[in-house]
Structures are given as structure tokens and as C-alpha cells.
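1. Predicted model, plus sequence, below.
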Amino acid sequence: AQSVTQLGSHVSVSEGALVLLRCNYSSSVPPYLFWYVQYPNQGLQLLLKYTSAATLVKGINGFEAEFKKSETSFHLTKPSAHMSDAAEYFCAVSDSGGYQKVTFGIGTKLQVIP
Amino acid sequence: SAVISQKPSRDICQRGTSLTIQCQVDSQVTMMFWYRQQPGQSLTLIATANQGSEATYESGFVIDKFPISRPNLTFSTLTVSNMSPEDSSIYLCSVESRAGYDTEAFFGQGTRLTVV
């Protein structure tokens, strides 16, 4: 069985500060990992995904995430927060690479303070 | 890529009634997925809908409660039947779109349902 734990349902950062959203996963096979962002009244949008290639994955809008097998983590970071980054972020895991059996985390709401 | 239009975006319904949610995709896709996001919880897959066959439901979800139609490769509906306040959630449609050797999931904006 696979699962995802997102630490912190709400995170607040100041504009210009580092963004760090934590995600730990559990999977019985080498996982495929995803980060999605959901802006208010919009659908989920893929930020980035890890599919067993480079462990440091770069996504859209300046976000990146590093796959650490030893820590079973896939934390999302951005060096400098922008007001437009305020949204809800979901970490997700799949054991197949496809999307038929994707397990999502509970989500982290990011607030950016001016 | 795929652009998904989901209707309605929100609704307030009386308990005991039913609501049908529509999902329209701008391209033909083989598989469509329906998710539920209950307040304070993660997205949960309800069922997978393939064109021309019955939907495949996940554990805890049944066809009588969540009937799904998939009449063609660009459209699907999810009905929430005999609603109760516990059905108050966001319902999302998703498709898997292939681009070369890669695939990506695309989501509609969701339907926010409140049952009173």
C-alpha cells in the first residue's frame, strides 16, 4: 500500500522568504511522486514529478523538489516566495507512473505575507 | 494537454435529492477519473470511467450511490444520489493525457457541493 504524509496543513511565509513544504511517502515499490498546486476556484495543476530519473526535480514557477530515498521524503522548495504562490499544494504518490492509482496527501495551504 | 470544463462549479442541494456533475474534455481521452475531496481530507478516487464500459469503483463507493456515465471519449457525468450532509465535498474530474512517452493528469476546477 502507498501513502503520503504532508506535515503542516497550513504554512505561512513572508514574501521573499524560503518556501518549504514537507512530504513523506510510503510505497512498497520505487515510487512516482508528484506535487500539484490548486489555486482558488481552479483545478489541480501539476508542478513537478519524479519518475526515477534525476533526484532533484525542477518544476514550474521556480519550484523544485528533491527525492531522498533514505528519508522517504519529497519536500517542495522555492528560494523566494511570491504573493502569487499562495495556494494549496498536494503531494501525491503512485506505484505505476500512471494516474490510475494515485494517492494524494491532505494538502498544505500556503499563505504568503507581504 | 487537456482542458477540462466541469459543471456546476458549486451547488447547494436538499438532502434526499440527486445532483449530476458534468465533465467535458477538449480532446479524446481513454480514461476519466472522479475524485472526492471531503473537508480537511485528501482527494479520494471514487471511480475510473472508460468509454463503452461500466465504471470501476474504488472500495467504499458503489454504483447505486455514484452512478457514472461515459457516453463518448470527451464527456462523463457523475451523479451523487440520495444526498445527505455527509456528501458535502468537492468533486473533481480528472483525465490522463498522453504526450509521447509521458503522461500527465489534468483536473477540472471541481464542483463544490453543500447538502443541507
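-> Here it is on my side, so go on. Residues are numbered from 1 along each chain as shown, chains lettered A, B, ... in the order given.

2. bridging residues for the residue in chain B that chain A sits nearest to?
-> Distances between chain B and chain A by C-beta to the nearest C-beta are smallest at residue B:107, namely 3.6 Å. All C-beta atoms are positioned from the backbone trio N, CA, C, and that covers glycine. Following DSSP bridges, residue B:107 is listed with bridge partners residue B:94.

3. burial count for it?
-> Counted with other C-beta atoms under 10 Å in any protein chain shown, residues neighbouring residue B:107 total 22.

4. separation between the residue positioned nearest the centre of chain B and residue A:68?
-> By C-alpha atoms, centre = their mean, the mean C-alpha position of chain B lies nearest to residue B:34, the distance being 3.1 Å. Distance, residue B:34 to residue A:68, using C-beta to C-beta, to the nearest Å: 33 Å.

5. returning to that earlier point: quick one: the residue of chain B closest to chain A and residue B:96 touch, right?
-> No - with contact defined as C-beta atoms under 8 Å, residue B:107 does not count as touching residue B:96 (10.9 Å).

6. Next to chain A in this structure, residues from chain B, please.
-> Contact residues (C-beta under 8 Å from any C-beta of the partner chain) of chain B with chain A: B:4, B:6, B:9, B:31, B:33, B:40-45, B:48, B:92, B:94, B:96, B:103-110.

7. Run through the residues that contact residue B:51.
-> By C-beta atoms under 8 Å, 6 or more residues apart in numbering or on different chains, the contact set of residue B:51 is B:30, B:70, B:71, B:72, B:73.
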